[in-house]
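Chemist: here is a sequence together with a model predicted from it:
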Protein chains: 2
Amino acid sequence: MKSSSNNCDLKSCFVCRNSSTGWLPAIESNKKNLFFKKGQTIFEEDMKVKGIYFLYSGKAKVHKLWGPEKELILKFAKPSDIIGYRGLGNEKVYPVTATALEPVVVCFFDLPFFEETLKVNNQLTYQLMKFYANELQEAESRMRDLAHMDVKGRLAQTLLQLKKRFGLNKEGFINITLKRQDIASYTGTTYETLYRTIIELEKDKIIRLTGGKIAILKEAKLEVLNTYKK
Amino acid sequence: MKSSSNNCDLKSCFVCRNSSTGWLPAIESNKKNLFFKKGQTIFEEDMKVKGIYFLYSGKAKVHKLWGPEKELILKFAKPSDIIGYRGLGNEKVYPVTATALEPVVVCFFDLPFFEETLKVNNQLTYQLMKFYANELQEAESRMRDLAHMDVKGRLAQTLLQLKKRFGLNKEGFINITLKRQDIASYTGTTYETLYRTIIELEKDKIIRLTGGKIAILKEAKLEVLNTYKK
DNA sequence: ACAAAAATATGATTTAAATCATATAAAATG
DNA sequence: CATTTTATATGATTTAAATCATATTTTTGT
């Protein structure tokens, strides 16, 4: 993990977009750019919160552990996403781990500076509140789905969300490469069950799998799977 | 549902506690007290957001539907709790339903007034942001548990949370009366499975069940059940 | 380039929990 | 108060998904 400070453009991330122009120099001089390679931990569950991170380039996963060998992935993050914000509640430790899925550059603000920034940028606080409200709604929807929807439906949802979030490349494949295990951990199932289910979707020509990439062939069918039925 | 306007004390709810004293008269003249009887819907999933509610007296459940006959209960609310705040994101419809579990009085602010209140009370916005951050952490923990913890562990957690949230009465029973179905819907399981599991805890003398009330006899055992094991 | 480690691929088996079915008790309602 | 509705209680059966086991392919580190 190297460190530098001239990288982020002061335009794209959540803080920069929602702070007053007068505050940008303060951001400029307080931000730190950090570099992580694939597989490296950006911050870790139960560690003391040091600050807040913004993804500048690369992709990462935000996950919660369950015992030594299970996890639930909460979020796949892409450039300009906030990560570490979950640590802003009353607890002073991160409730999640963030791991780089590819080489990653983040923009980091330590907690004192970030709290200062919130204090002098009410608009930022307001937007952050709204952001949390949306995240909460999403989390609660997924809670309901984990409780009641079957794996196939949840996998359909995962694929639709990935498409929405990461878009498609020129060949029409979803623009992120994930291990099967990570897809399983996001969907809330085991590797084996995920494997069988995804193969089933492929056999039914609803999706196409090539070299770790996924293309959605029949989006409408995924939408149906993702809905209450019977 | 009757309506009045002199009921809430301008002290206990989240908005009153976090607004400047100068703003209290505005709150006074804009709040509406609404009355609901047991079983009545306070607001409903997919309905246009009208405003934000604070429980003044009584208890309520906040739940999300799954098809016509399943649901997941997200929250049991008690006096001074905010409900309806989940509607503050980008969507203009409530993502959840709120239903009175007993006779309920709520304090209601319409959305324009509430947004105005946020604008002139930065401290309130900041506290609300923190509140959301905590709710999000809780929701994500429960997500992980729904994905990986068994019903017995989740029931243990439910009971511990209910105790923490509603306290005990003089006889040492948790201060809320719930139908088995509601406990099941909160725990994320079916009535039958909940029934068998709760009876098992009773047989093991970990809890005591009398007249719809629940007493925790061996809290430590519930804590253990609620943890990763094996 | 090669060994070791990680990821994928699948079949077989087990298990937790959902579903189905039905009886009884308690509560709400005209 | 009688009746309909709602909640509780339990046994039997089915099913989805986890677990176990193992072979093959692909990556990665040295």
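Modeler: Sure thing, it's come through.
Chemist: is the longest helix belonging to chain A positioned near chain B?
Modeler: Secondary structure of chain A per DSSP state H: the longest helix is helix A:122-148. Yes: counting by C-beta under 8 Å from any C-beta of the partner chain, chain B has neighbours in helix A:122-148: A:122, A:125-126, A:128-130, A:132-137, A:139-144, A:146-148. In short, each C-beta sits where N, CA and C put it, glycine included.
Chemist: beyond that helix, next helix or strand please.
Modeler: The first helix or strand that comes after helix A:122-148 along the chain, using DSSP states H and E, is helix A:151-166.
Chemist: export that following helix as PDB, just CAs?
Modeler: Output of helix A:151-166 as PDB, limited to C-alpha atoms (Å, rounded to 0.1, in the frame of the first residue of the first chain):
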ATOM      1  CA  VAL A 151     -31.700 -18.700  -4.500                       C
ATOM      2  CA  LYS A 152     -32.600 -18.600  -8.200                       C
ATOM      3  CA  GLY A 153     -34.600 -15.400  -7.600                       C
ATOM      4  CA  ARG A 154     -31.800 -13.900  -5.600                       C
ATOM      5  CA  LEU A 155     -29.300 -14.800  -8.200                       C
ATOM      6  CA  ALA A 156     -31.500 -13.100 -10.800                       C
ATOM      7  CA  GLN A 157     -31.500 -10.000  -8.700                       C
ATOM      8  CA  THR A 158     -27.800 -10.100  -8.300                       C
ATOM      9  CA  LEU A 159     -27.200 -10.300 -12.000                       C
ATOM     10  CA  LEU A 160     -29.700  -7.400 -12.700                       C
ATOM     11  CA  GLN A 161     -28.000  -5.300 -10.000                       C
ATOM     12  CA  LEU A 162     -24.600  -6.000 -11.400                       C
ATOM     13  CA  LYS A 163     -25.600  -5.000 -14.800                       C
ATOM     14  CA  LYS A 164     -27.200  -1.800 -13.500                       C
ATOM     15  CA  ARG A 165     -24.200  -0.900 -11.400                       C
ATOM     16  CA  PHE A 166     -21.300  -1.800 -13.700                       C
END
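Chemist: now the very next helix or strand once past it, how far from the centre of its chain.
Modeler: Tracing the chain C-terminally past helix A:151-166 and defining elements by DSSP H and E, one meets helix A:180-187 next. Distance of helix A:180-187 from the chain centroid (C-alpha atoms, centre = their mean, to the nearest Å) equals 13 Å.
Chemist: same thing with stretch A:175-187?
Modeler: Using C-alpha atoms, centre = their mean, the distance from the centre of stretch A:175-187 to the centre of the chain it belongs to is 12 Å.
Chemist: is it in proximity to DNA strand C?
Modeler: Yes: Stretch A:175-187 lies within reach of DNA strand C by C-beta under 7 Å from any atom of the strand, at A:Lys179, A:Arg180, A:Gln181.
Chemist: just these now: which is nearest chain B?
Modeler: The closest of those to chain B turns out to be A:Gln181 (C-beta to the nearest C-beta; 14.0 Å).
Chemist: give the contact list for the spatially closest residue to that closest one that is not a sequence neighbour.
Modeler: Closest residue in space to A:Gln181, ignoring its immediate chain neighbours: A:Tyr191 at 5.1 Å, by C-beta to C-beta, 6 or more residues apart in numbering or on different chains. By C-beta atoms under 8 Å, 6 or more residues apart in numbering or on different chains, the contact set of A:Tyr191 is A:Arg180, A:Gln181, A:Ala184.
Chemist: hang on, the last one packs against A:Ile198?
Modeler: No: counting by C-beta atoms under 8 Å, A:Ala184 sits too far from A:Ile198 to count as a contact (9.1 Å).
Chemist: so who does A:Leu160 touch?
Modeler: Residues in contact with A:Leu160 (C-beta under 8 Å, 6+ apart) are A:Ile216, A:Glu219, A:Leu222, A:Glu223, A:Asn226.
Chemist: pick the one among those residues closest to A:Pro112.
Modeler: A:Asn226 (42.8 Å; C-beta to C-beta).
Chemist: do I have it right that that closest one meets A:Gln157?
Modeler: Yes: judged on C-beta under 8 Å, A:Asn226 makes contact with A:Gln157 at a distance of 4.6 Å.
Chemist: between those two, which contacts overlap?
Modeler: Common neighbours of A:Asn226 and A:Gln157 (C-beta under 8 Å, 6+ apart) are A:Met149.
Chemist: now the phi/psi pair for A:Phe108, please.
Modeler: phi -120, psi 140 (degrees, to the nearest 10).
Chemist: per-residue pLDDT, it?
Modeler: At A:Phe108, the pLDDT value in this model is 94.
Chemist: for it, which non-adjacent residue is closest in space?
Modeler: Of all residues not flanking A:Phe108 in the chain, A:Lys32 sits nearest, at 4.6 Å (C-beta to C-beta, 6+ apart).
Chemist: check the gap between the one you found and A:Glu102 for me.
Modeler: 20 Å (C-beta to C-beta, to the nearest Å).
Chemist: before we move on, what about A:Tyr85?
Modeler: A:Tyr85 is 21 Å from A:Glu102, by C-beta to C-beta.
Chemist: same deal with A:Phe114?
Modeler: From A:Phe114 across to A:Glu102, the span is 26 Å (C-beta to C-beta).
Chemist: which of these two has more neighbours?
Modeler: Taking other C-beta atoms under 10 Å in any protein chain shown, A:Phe114 and A:Glu102 do not tie; A:Phe114 has more neighbours (20 against 14).
Chemist: quick one, strands of chain A?
Modeler: For chain A, applying DSSP state E gives strands covering A:3-4, A:32-36, A:41-43, A:51-57, A:60-66, A:70-77, A:82-83, A:97-100, A:104-110, A:207-210, A:213-216.
Chemist: what does chain A have sitting close to DNA strand D?
Modeler: By the rule C-beta under 7 Å from any atom of the strand, the part of chain A lying against DNA strand D is A:Lys38, A:Asp150, A:Val151, A:Lys152, A:Gly188, A:Thr189, A:Thr190, A:Glu192, A:Thr193, A:Gly211, A:Gly212.
Chemist: and DNA strand C, which of those contact it?
Modeler: Among the residues of chain A next to DNA strand D, DNA strand C is touched by A:Glu192, A:Gly212 when using C-beta under 7 Å from any atom of the strand.
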